[in-house]
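Novice: dropping the sequence and predicted coords here.
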Amino acid sequence: MKRWLFQATDNSPLIIFRIIFGFLVLCESWGAIATGWVRRVLIEPQFTFHFIGLDFLQPLPGKGMYVYFVLMGICGIGIMLGYFYRLSSILFAVFWAGVYLMQKSAYNNHYYLLWLLAIIMATLPAHKDLSIDSKKGRVSKSQWMPNWVWFLIVGQLLLVYTFAAIAKLYPDWLDGSVAKNLMSNKYNLPIIGDLLQQSWAHQIITWFGILFDLLIIPALLWKPTRKIAFGLALFFHLYNSIILQIGIFPYLALGFTVFFFPRDNIRKWFYPKQEKVQNTIASQYADSSLIKTFVFTWLLIQLMLPLRHWFIDGNVLYTEEGHRLSWRMMLRSKSGYNRFFIQKEGETKKQLISLEEYLTPKQIRSMTGKPDIIWQFAQQLKSLHAKKGQNIKVFVKNKTTVNNKTTFQLIDPTLDLTSVSWNYFGHNDWVLEPSLNLNQ
C-alpha cells in the first residue's frame, strides 16, 4: 500500500476535474450575486449567525460582500485556467471558509463539501497540464501524478456517500415520510408534479436514495457496473438539480466521475490533439511521510466527525448536536415557531419581542428547530440591550415539529438563555426532545 501510494499514474482525471471545479466555483460565486443570495444572506441581516466561537467572522460592511464574491469568482477563473493556480486555490479556500463559517441561515452540506474540496485541491498538483502556469513555465509540465491524489479524492467521496446512506436508516426516512415532505411542494411541476405526490413514488425515492448513496462509489469502481452506475448518477444528479434545485452540487458530483474511468479513456476523450509529453518522472515518486500523514489524518478526521453525535446524549434528529459536518443530507424538515421574551432587571413582567425587528424572514425560518441559533439570538438580544445600559434575561417559548410528527417544546421555557453557555462538545441539558417535553 505504501509503495502504491507513490507510484505514478496518468493525471488527466485531475486536470479535467480542476477545470470543472474552477468553472463551478465561478458559477457559485457570481451566481450568488446574480440570484440575490449574497444580498439576502449577508447584506440585509443586521447580524449573522456565525459558527459559535467565531465572533470575529462578520460580513464586510456596505456592499463589501459583493466585492468579496467577485474576488472568489476571479479565483475560480484562476483555478479553471491554471493561472497562478496555487494562489487562486488557497485564496478561494480561505474566502469560502469565511462565507461558510460566518453564517448558518443558509447552511448546506454541499457548502461544507465545497470547502473541503477547496482545501484538498489547493494541495494537489492540478496545474501540471492544460494550464497557463505550465505553459508559462511556472511549473514543470507533466502527465503524471502520484496515486495518493486519486486515493485522497475517492476516499473523501466514499466517506461522504456512505455516511449519507447510513444517516437515512431511521424510521421517518424508511417509511417515506421524508420523501413525502420533500415532494409536497412540487405538485405544480409540469408532467411529473402529480406523480411525485403518489405514495409509490415516495417509496422509490426513499429506497433509491439509500441504495444510490451506499453503492454508487463501489459501482463506479467496478468495471462491470461502471457504465450503469454512471447512467444512474447522471439521472440522479440531474433529477436533483431540476427538482430540488440544490445549486452546483449535482454537477460537481458528476465531475467526480472522471476519477473512475480508465485514465487512457479520459485522455482519449479530453486530449484528442495534445502532443505527448515525454515522461521525465520516474514511475515511483519519492516516499513522503508528511504526505502520508496528511492523507490519512485528513481521512481519519472525516471518518470521526460524522460519528461524534453517537457520543453526545440525546437524539441528533431533535437536538441538532452533531448534525453539521456529518453528511446528514435532506434528512428531515422542521417547522414551528419561537416566541422570545425579555425581562428587564428589577422587573417581573416579561415582554414579547417582535422577531421582525431584528431578523430577516430567512433567519426566522432557519432558527426553527435549531437550538444553537436560538441560543445565539438570545445572546444577541442581551448584547443589544447592554449597549443601552439595560441588563435583561431572555426566555423562549417554542413549538417544533420534525417531519410533521409530534409537536414538542425544544427549549426549556423557564430557562434564562443568557445564563447558560453553549456546550460545543456535549449535550445541553436545556435542549429537550419529545420524550422529555415539559408538556408531557
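Specialist: Done, it's in. Numbering: from 1, shown residues only.

Novice: where does the protein dip in pLDDT?
Specialist: 2, 274-284, 435-440 (pLDDT under 70).

Novice: so where do the strands sit in it?
Specialist: 8-10, 144-146, 334-344, 351-352, 392-402, 407-408 (DSSP state E).

Novice: direction included, what does the fifth one pair up with?
Specialist: In the sheet, strand 392-402 lines up against strand 334-344 (antiparallel), strand 407-408 (antiparallel) (DSSP bridges).

Novice: now residue 27. Nearest residue, chain neighbours left out?
Specialist: Using Cβ to Cβ, 6 or more residues apart in numbering and skipping residues adjacent in sequence, the residue nearest residue 27 is residue 248, 5.8 Å away. Any C-beta I mention is one placed from the backbone N, CA and C, and that applies to glycine too.

Novice: likewise for residue 177?
Specialist: Residue 177's closest residue in space is residue 403 (Cβ to Cβ, 6+ apart), at 4.9 Å.

Novice: cool, and residue 84?
Specialist: Leaving aside its sequence neighbours, residue 84 is closest to residue 78 (5.6 Å, by Cβ to Cβ, 6+ apart).

Novice: any idea how far residue 91 is from that neighbour?
Specialist: In this view, residue 78 and residue 91 are 8 Å apart by Cβ to Cβ, to the nearest Å.

Novice: so which of the two has more stuff around it?
Specialist: Taking other Cβ atoms under 10 Å, residue 78 and residue 91 do not tie; residue 78 has more neighbours (25 against 19).

Novice: just to check, the residue nearest to residue 27 is in contact with residue 28?
Specialist: Yes: between residue 248 and residue 28 there is a contact at 5.1 Å, judged by Cβ atoms under 8 Å.

Novice: run through who's touching stretch 71-79.
Specialist: Stretch 71-79 is contacted by residues 18, 21-30, 83-85, 87-89, 91-92, 95-96, 99, 121 when judged by Cβ atoms under 8 Å, 6 or more residues apart in numbering.

Novice: and if we set it to 10 Å?
Specialist: 18-33, 83-96, 98-99, 118, 121-122, 126-127, 131-133 (Cβ atoms under 10 Å, 6 or more residues apart in numbering).

Novice: restrict it to CA atoms and write it as PDB.
Specialist: The C-alpha atoms that make up stretch 71-79 are tabulated as PDB, following Å, rounded to 0.1, in the frame of the first residue of the first chain:
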ATOM      1  CA  LEU A  71     -13.000  38.100  -6.000                       C
ATOM      2  CA  MET A  72     -14.000  34.500  -5.300                       C
ATOM      3  CA  GLY A  73     -15.200  34.200  -8.900                       C
ATOM      4  CA  ILE A  74     -11.900  35.500 -10.100                       C
ATOM      5  CA  CYS A  75     -10.200  32.800  -8.000                       C
ATOM      6  CA  GLY A  76     -12.500  30.300  -9.900                       C
ATOM      7  CA  ILE A  77     -11.200  31.600 -13.200                       C
ATOM      8  CA  GLY A  78      -7.600  31.200 -11.900                       C
ATOM      9  CA  ILE A  79      -8.300  27.600 -10.900                       C
END
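
Novice: I'd say the residue nearest to residue 177 and residue 333 touch.
Specialist: Yes: using Cβ atoms under 10 Å as the test, residue 403 is close enough to residue 333 to be in contact (5.9 Å).

Novice: shared neighbours of these two, anything?
Specialist: With Cβ under 10 Å, 6+ apart, residue 403 and residue 333 have common neighbours 172, 177, 178, 180, 181.

Novice: in JSON lines, list those along with neighbour count and distance to residue 158.
Specialist: As requested, the shared contacts of residue 403 and residue 333 are exported to JSON lines (neighbours: other Cβ atoms under 10 Å; distance: Cβ to Cβ, whole Å):
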{"residue": "172", "neighbour count": "20", "distance to residue 158": "26"}
{"residue": "177", "neighbour count": "19", "distance to residue 158": "28"}
{"residue": "178", "neighbour count": "23", "distance to residue 158": "24"}
{"residue": "180", "neighbour count": "22", "distance to residue 158": "30"}
{"residue": "181", "neighbour count": "17", "distance to residue 158": "28"}
